[in-house]
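*Asks:* Let's see this in three dimensions:
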Amino acid sequence: MGGMKWARGALLGIVVAVAGCAAKPATVAAPAVATGVSYGTIMSIRPVVMNTGKGADLLSAIGGVPSSDVQNFSRGQEMEIIVQMEGEAKPISVVQGNEMQFRAGDRVLIARDGRTRLRRPGA
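*Replies:* Predicted coordinates:
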C-alpha cells in the first residue's frame, strides 16, 4: 500500500514538472485594421471579370467578402485601378466598381477601413 502511494505521488510530481516545462503558447495580437485616408493618382484602369455565383457565395460564407460586396461580384465585372500613392514608391491595385467614372490621371482619396476603396476628394 505504501508503495502505491509513493508511485502515485511520484507520478503526480512528474506530471506537474512536465506541465511546468511545457512551452507556453505565444500571445498573438489580432492584426490591426488599417484605418485612415491617403491620396494618390490613378495610373491605369482595366476591366476584370470577378467570380460569380457559387464563387461569390463562397467568399461571403468564409467571411472573405462582406455580403454587401457579393452583390458587386454578381455583376461579374469590376475594374482594377492602379494607384500611385503619394509618398510611396510602389503603386497599389484596387478592384472595385467604377461608378465614379475614374480615369487615368485622376487624383483620388484612398479610404482604408479593413478594405481599400477609392473616392473622389471632397465627395
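*Asks:* what's the single longest strand in this structure?
*Replies:* Taking DSSP state E as the criterion, the chain has its longest strand at strand 35-49.
*Asks:* Adjacent strands (with direction) for that strand?
*Replies:* Partner strands for strand 35-49, per DSSP bridges, with pairing direction: strand 77-85 (antiparallel), strand 107-113 (antiparallel).
*Asks:* Can you show me the CA trace of the last one as CSV?
*Replies:* Meaning strand 107-113. Provided in CSV are the C-alpha atoms of strand 107-113 (Å, rounded to 0.1, in the frame of the first residue of the first chain):
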residue,chain,number,x,y,z
ARG,A,107,-6.4,62.3,-58.0
VAL,A,108,-8.2,60.0,-55.6
LEU,A,109,-8.8,59.7,-51.9
ILE,A,110,-7.8,56.2,-50.7
ALA,A,111,-10.0,55.1,-47.7
ARG,A,112,-9.0,52.2,-45.6
ASP,A,113,-11.3,50.6,-43.1
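*Asks:* For the next helix or strand after it, list the C-alpha coordinates in CSV.
*Replies:* Per DSSP states H and E, the first helix or strand lying C-terminal to strand 107-113 is strand 116-119. Once non-C-alpha atoms are left out, strand 116-119 reads as follows in CSV (Å, rounded to 0.1, in the frame of the first residue of the first chain):
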residue,chain,number,x,y,z
THR,A,116,-9.4,49.7,-49.5
ARG,A,117,-11.8,51.9,-51.5
LEU,A,118,-11.2,54.8,-53.8
ARG,A,119,-13.3,58.0,-53.8
